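Structure for this input, please:
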Amino acid sequence: MSKLIAACKGICVRVRHEGFLATAIWGLQKLKGHFEVRNLRLGKTAAPASGERVVYQQVPYETLRSFQNLERYVPPVVRRNAPYRVAWFIPPPGPSGGGHQNIFRFVSALQAAGYHNSIVMVTPHEGTIPARDAATGVQQARRNVAQYAPVDDITFCWHETGMAVAADIVIATSWDTAYPVATLPTDALKYYFVQDFEPYFFPVGTDFVLAENTYRVGLHGITAGRWLANKLFTEYAMPCTAYDFGADKELYHVSNTETRNAVLFYARPATERRGFPIGILALDLLHQAYPDVTIHLVGADVSAYAIPFPYVHHGDLPLTELNALYNCCAAALVASFTNMSLMPLELLAAGVIPVVTDGDNNTQVSNNAHIRYCARTPRALADGVIAAVAANRSSELALTISQSISATGWGTACQVMLDLLAEDLRRYTPDESTK
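Reported below is the predicted structural model:
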């Protein structure tokens, strides 16, 4: 009763000072806020009305709810007949990006081996593509991928329609696509193509935990390197098959055997795991000591940043232009704070010495003797770059460095996946002899 009396007195004071209309508007806003909080607590799953808030936007709430009731995945034993159909669940692809390029490297290998591939694009819940834009979005995705992979015989669709795609194999390719794959009611074999430890992409919180939980449901991981396979199996009991990184030696090769008095930095400010500020500090130290060394920045548009030394700006270059740039350089700085980048082996193929941040996340992926692993401090990285430039300035090492990369490129890695799928298709098919 005392709270009610105090509230009434407060309203009277507000009416006296602000007027009845202003007080009425204030009251309606408070009432609306009360129901918004109530909706959050109840976890409403219906499409929200204008202005309402939903509990979570990256993955639909009903998918999250279904995920909580999953038992650990056991591959079903059913009859599957060749040619086998593969549905890849992926985030919508842009015109560049190493992650998507690597996915389609394996898509192409499966296509060449006789599998039929469908691409099911998954958007964040709040960014679901309206039906009127669906066709345009599919066409744009095909155009983007066509810049780095063949797409003529591959089907593209959105997740909303992709639920009906017939498949013998379903593959998640990121933590948010793992939710619809894990909860998909299908007899298809399910896999998780893991290219990085994605919880590290977020501060410790909801996204971190929801990403982490996707490793606990028993999907078989096909991992980029041994560090991921070891981490996921040790910490989450996730079965994994690892493939080693490769480099396309048709794209990346030595074309310059003369002087290399330049350094390249893989500069991506928006990607925290690439350590942009630490790299800039390291290159600033390099420039102070050796101002004659040209510094190239590639990977993203950094023209808006106050970079304290002269540099050549390249932005996001097409794949076809990278080899010429690499061949100008004696060394390259590539920071990787989660799984190793695909870039160091490409640089090696072009005769460049990569200077990479030290740690199991990198050394367990490649033990190539020409990679210089340095402590994750600006001083140590600067010293590593300086030593690499001194060793490779005359290009005498360039051919030796390039020859340390297998001529098979990505063929060995793709064969690991093909062997796994072939074995599982045999294992999880009924034995005709028992009939």
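
Only C-alpha atoms from now on, for both contacts and neighbour counts.
OK.

and Gly114, what are its phi and psi?
phi 100, psi 0 (degrees, to the nearest 10).

What is the neighbour count of it?
12 (other Cα atoms under 10 Å).

partners of the closest residue to Asn117 other than its chain neighbours in the sheet?
Of all residues not flanking Asn117 in the chain, Val86 sits nearest, at 4.8 Å (Cα to Cα, 6 or more residues apart in numbering). Applying DSSP bridges to Val86 gives these bridge partners: Asn117, Ile169.

what's the answer for Phe265, then?
Leu297, Leu333.

ok now do it, which residues does it touch?
Contacts for Phe265 (Cα atoms under 8 Å, 6 or more residues apart in numbering) come out as 279, 295-298, 332-334.

hang on, the earlier thing: now do the same contact list for the residue nearest to Asn117.
Counted by Cα under 8 Å, 6+ apart, Val86 has contacts 115-118, 167-171.

how about a cut-off of 10 Å?
107, 110-111, 115-119, 165-171, 188-190 (Cα atoms under 10 Å, 6 or more residues apart in numbering).

those strands in the chain, which residues are they?
85-90, 116-121, 155-158, 169-172, 189-194, 220-224, 240-243, 262-266, 294-298, 312-315, 331-334, 353-357, 372-374 (DSSP state E).

Least confident of the ones you listed, on average?
Here the lowest mean pLDDT among the strands of the chain goes to strand 155-158, at a mean of 91.

Dump that strand to PDB, restricted to CA.
Extracted in PDB, the C-alpha atoms of strand 155-158 (Å, rounded to 0.1, in the frame of the first residue of the first chain):
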ATOM      1  CA  THR A 155      22.500 -25.400 -57.000                       C
ATOM      2  CA  PHE A 156      22.100 -22.300 -54.700                       C
ATOM      3  CA  CYS A 157      19.200 -21.600 -52.500                       C
ATOM      4  CA  TRP A 158      18.200 -19.900 -49.200                       C
END
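
quick one: strands adjacent to that strand?
Strand 155-158 pairs in its sheet with strand 116-121 (parallel), by DSSP bridges.

What pLDDT is listed against the residue positioned nearest the centre of the chain?
The centroid of the chain falls nearest to Gly99 when counting by Cα atoms, centre = their mean (5.2 Å). Note for Gly99: predicted pLDDT of 93.

wait, isn't Tyr311 in contact with Leu297?
Yes: counting by Cα atoms under 10 Å, Tyr311 touches Leu297, with 6.9 Å between them.

more neighbours, those two?
Leu297 (23 against 15).

hmm, back to that, quick check: which of the strands of the chain is nearest to Thr400?
strand 353-357 (10.9 Å; Cα to Cα).

neighbouring strands for the closest one, and are they parallel or not?
strand 331-334 (parallel), strand 372-374 (parallel).

what distance separates it from the centre of its chain?
21 Å (Cα atoms, centre = their mean, to the nearest Å).

thinking again about what came up before, in TSV: the strands of the chain, plus distance to Ala398.
Compiled in TSV, the strands of the chain are given as follows (distance: least, Cα to Cα, whole Å):
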stretch	distance to Ala398
strand 85-90	37
strand 116-121	39
strand 155-158	41
strand 169-172	38
strand 189-194	32
strand 220-224	26
strand 240-243	26
strand 262-266	14
strand 294-298	18
strand 312-315	22
strand 331-334	10
strand 353-357	8
strand 372-374	15
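
Right, I'll leave it there.
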